[in-house]
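J.: Curious how this folds, go ahead:
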Amino acid sequence: VGNGSLTANATTRIEDNTATTAGGGIYANNETTVTLTGTFVTGNTADGAGGGISAEADTTISLTNAQIRNNSVPNGSGGGVYSDGGSSLTITSSVISGNTASSTGGGAFASSVVTAGGQANINNSVFESNSAVVDGGAIESLAEALTVFNSTLDMNSATQGGAVAFTSAGTNSLFISESTLTENSAASNGGGVYIRKPFATSTSQPVFRLSDSIVMSNTATGGGGVYVSGDENTGIEIVDSTISSNVASSIGGGLMVTGINDESSFTLSVTNSTIDGNRANTLDGGGIFSTAGTMTIEESTITNNIAARDGGGIHDAGSATTITDTSISDNTAALRGGGYYKARASTSTSFSSSLVSGNTSTSSDGGGIQFRGSSLILSNSTVSGNEGSFGGGIRIDQTASVTFNNSTITANTARGQLGGLGVSNASVDLFSSIVAGNTDADGTDPDVDAAFVGTNTNNLINTDPMLSELGDFGGPTLTHEPTQGSPALDA
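T.: Numbers count the residues shown, from 1 in each chain. Have a look, this model is predicted:
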């Protein structure tokens, strides 16, 4: 169809057709409008692109209550649907299932490579059991904007981006909201979502926003749930979402964010979200692995994640990190930083009104926090119940500026020395804080070595603080409350 329109309804079945180039079931170009409502497009094959449907040159495709099933492309992209050349694709209340592509976009491929302005919108639809040999088992997009709303992407597979691959190099954005991505798999990176080098002119609008969504039980080599490889001015936002039970055979179990060139203006923010039960089976970052220039985590929970090496909860190799009103709990690293690991020199991290508890470094240091940056600040925060070899609560082994304000480090355990705070080559300034009630193997300095304490103002150190168990005493996270007779009441 060209320079016209095609409309089909529920009485129409387009099935078992073959095209030697594009559009096994339907081929449309030159500003054509294709509207399918309740239509079945199934069992079609195209050798080049669009096993079920192919659209090029500013064509508009609208699918509503459609079934796009078991179509294939042996030598190209878009097993179910292929949209290129500035075309617009809208899929609503439809099922895209069992489609295959030898290249990209097993379920759907959307591109604006030829003519700028192409968009793709997925609403209230199901993408299941689609596969692509290269990118995007369910969806591969180079479009100006890809929006996925209230949809389910389940059991899709590809080399990169088991469910979604977004590989645009322009000022383009991917938005996923109120959706579920489960049991998708990527042989390489991004079990649920894979994003490569999306360049943006500013960070006022994020390149990737995941909101009110669940990314669960996906698998990949890197970034079991989500993988982002960004460039300057790339912005990633995770809001009101859960990333859980994903597995990376190598690195970044839940979320992996890494830069290509300039990472200084590359931002990651996680807000009111849960990163839970993810695993990095060989390397670092059970929950999150990030090299973002700026990382902000607010009102979130990082829990039950596991890394085979460093950073059970978070492995942070970025520049500036702020963690506020957040709980990092019950994570495990085989080596350093059971809860949080800062791996990059000349960088800073600030914890505010946050909790680091119950984390474990099974064979090395820093059960709660291992810090190798240049500036660490804890304000109104609690580090409790963590375990490591040296520095059960916190381990600082680089020259750094360290300041604790109104914070508590207690009930941590070291299998070696310094259960609370293990410091080398740094001076710790303490203000109205508690570093007490920790234990270590030899009992020499269970809380902190006094030689490494700089400013010491109004603190409790190396004494029984007489605190309650962790509990909900009204703040954003669990805390310890002084019990009757505690010296903290008069400090």
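J.: Number of residues surrounding I323?
T.: 26 (other Cβ atoms under 10 Å). Backbone N, C-alpha and C define where each C-beta goes, glycine included.
J.: What distance do you get for it to I302?
T.: Going from I323 to I302 by Cβ to Cβ, to the nearest Å gives 9 Å.
J.: Okay, now the unreliable bits of the stretch 351-491 of the chain?
T.: 491 (pLDDT under 70).
J.: buried ones in stretch 173-186?
T.: Going by neighbour count (16 or more other Cβ atoms under 10 Å), the buried part of stretch 173-186 is 173-177, 179-186.
J.: can you check stretch 206-221 too?
T.: 206-221.
J.: Quick one: residues contacting the nearest residue to G391 once chain neighbours are set aside.
T.: Spatial nearest neighbour of G391, excluding adjacent residues (Cβ to Cβ, 6 or more residues apart in numbering): G422 at 2.6 Å. For G422, the contact set (Cβ atoms under 8 Å, 6 or more residues apart in numbering) comprises 365-366, 390-392, 394-397, 414.
J.: quick one, phi/psi of G422?
T.: Dihedral angles of G422 (phi, psi; degrees, to the nearest 10) stand at phi -100, psi 120.
J.: beta partners for it?
T.: R395 (DSSP bridges).
J.: Report pLDDT for the closest residue to G286 other than its chain neighbours.
T.: Counting by Cβ to Cβ, 6+ apart, N305 is the residue found nearest to G286 once chain neighbours are left out, at 3.5 Å. At N305, the predicted lDDT confidence score is 98.
J.: Each with direction, which strands does the helix or strand containing Y194 pair with?
T.: Assessed by DSSP states H and E, Y194 sits inside strand 193-196. Strand 193-196 pairs in its sheet with strand 164-166 (parallel), strand 226-230 (parallel), by DSSP bridges.
J.: just these: most buried one?
T.: Mean neighbour count (mean count of other Cβ atoms under 10 Å) peaks for strand 164-166 among those, with a mean of 31.
J.: Contacts for that one next, please.
T.: 104-105, 135-136, 138-142, 146, 148, 153, 158, 172, 174, 176, 181, 190, 192-196, 198, 208.
J.: average pLDDT for the strand holding Y194?
T.: 93.
J.: name the helices or strands packed onto the helix or strand just after that strand?
T.: Of the helices and strands lying after strand 193-196 in sequence (DSSP H and E), the nearest is strand 208-211. The elements that strand 208-211 packs onto, with contact taken as 3 or more Cβ pairs under 8 Å, 6 or more residues apart in numbering; DSSP states H and E, are strand 173-177, strand 193-196, strand 235-239.
J.: run the last query once more with 7 Å
T.: strand 173-177, strand 235-239 (3 or more Cβ pairs under 7 Å, 6 or more residues apart in numbering; DSSP states H and E).
J.: Report the beta-bridge partners for F404.
T.: If you apply DSSP bridges, the partners that F404 bridges to are L378, L430.
J.: Tally up the residues packed near it, please.
T.: Neighbours around F404, by other Cβ under 10 Å: 25.
J.: Kindly report the same for the one 5 residues further on.
T.: Residues within reach of I409, counting by other Cβ under 10 Å, total 32.
J.: what do you get for G254?
T.: 37.
J.: What's the separation between the nearest residue to it once chain neighbours are set aside and V215?
T.: Using Cβ to Cβ, 6+ apart and skipping the chain neighbours, the partner closest in space to G254 is N278 (3.5 Å). Counting by Cβ to Cβ, the gap from N278 to V215 is 10 Å.
J.: anything in contact with each of the two?
T.: Common neighbours of N278 and V215, using Cβ atoms under 7 Å, 6 or more residues apart in numbering, are 225, 243, 246.
J.: Do you know the pLDDT at the first one?
T.: At G225, the model reports a pLDDT of 98.
J.: Do a quick rundown of the helices in the stretch 101-250 of the chain.
T.: Here the stretch 101-250 of the chain has no helices by DSSP state H, counting those that start in this stretch.
J.: residues making contact with stretch 317-328?
T.: Contacts for stretch 317-328 (Cβ under 7 Å, 6+ apart): 264, 290-303, 313-314, 339-340, 343-344, 347-356, 359, 476-477.
J.: Could you work out the end-to-end span of that stretch for me?
T.: Using Cα to Cα, to the nearest Å, the end-to-end distance of stretch 317-328 comes to 17 Å.
J.: Also stretch 158-173?
T.: End-to-end distance (Cα to Cα), stretch 158-173: 21 Å.
J.: Going by neighbour count, list what's buried in it.
T.: So for stretch 158-173, counting by 16+ other Cβ under 10 Å, buried means 158-168, 172-173.
J.: repeat for stretch 346-356
T.: Those would be 347-356, for stretch 346-356 by 16+ other Cβ under 10 Å.
J.: Out of those, which two sit at the greatest distance?
T.: Maximum pairwise distance in the buried residues of stretch 346-356, criterion Cβ to Cβ, is 22.2 Å, between T347 and L355.
J.: Pick out the residue nearest the middle of the protein.
T.: L255 (2.9 Å; Cα atoms, centre = their mean).
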